[in-house]
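K.L.:
coordinates only, sequence not included:
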């Protein structure tokens, strides 16, 4: 899965990592983000933050440099497969699937 912003992109893969890739295609940073797979990822509209969801039921916000800013939810009985930033500042939405 890929998530793009004009200057940067991210590649998500098993087991629980994402890579921040610069505009030259070089991996800038690899981040251990979740236990299990990273199921979804989205850059904020201004490119300052990355939202990820994993098989571990966690939804996290990361800085552009790959530092963890916040863990929003921790539910080991569900997976978040779809999420998005809203155009209203400080709002986001996600949908959980219970397993």
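P.N.:
Good, I have the coordinates. Since we're looking at a predicted model, the values are computed, not measured.
K.L.:
so which bits of stretch 48-55 are buried?
P.N.:
For stretch 48-55, burial by neighbour count (16 or more other Cβ atoms under 10 Å) applies to 49, 50, 51, 52, 53, 54, 55. Any C-beta I mention is one placed from the backbone N, CA and C, and that applies to glycine too.
K.L.:
and which of these is nearest residue 29?
P.N.:
Closest approach to residue 29 among those (Cβ to Cβ): residue 50, at 11.0 Å.
K.L.:
would you mind measuring from residue 62 to residue 77?
P.N.:
From residue 62 across to residue 77, the span is 24 Å (Cβ to Cβ, to the nearest Å).
K.L.:
who has more neighbours, those two?
P.N.:
Taking neighbours as other Cβ atoms under 10 Å, residue 62 and residue 77 compare with residue 62 leading, 22 against 8.
K.L.:
from memory that one sits against residue 53, does it?
P.N.:
No: between residue 62 and residue 53 there is no contact, the gap being 11.7 Å when judged by Cβ atoms under 8 Å.
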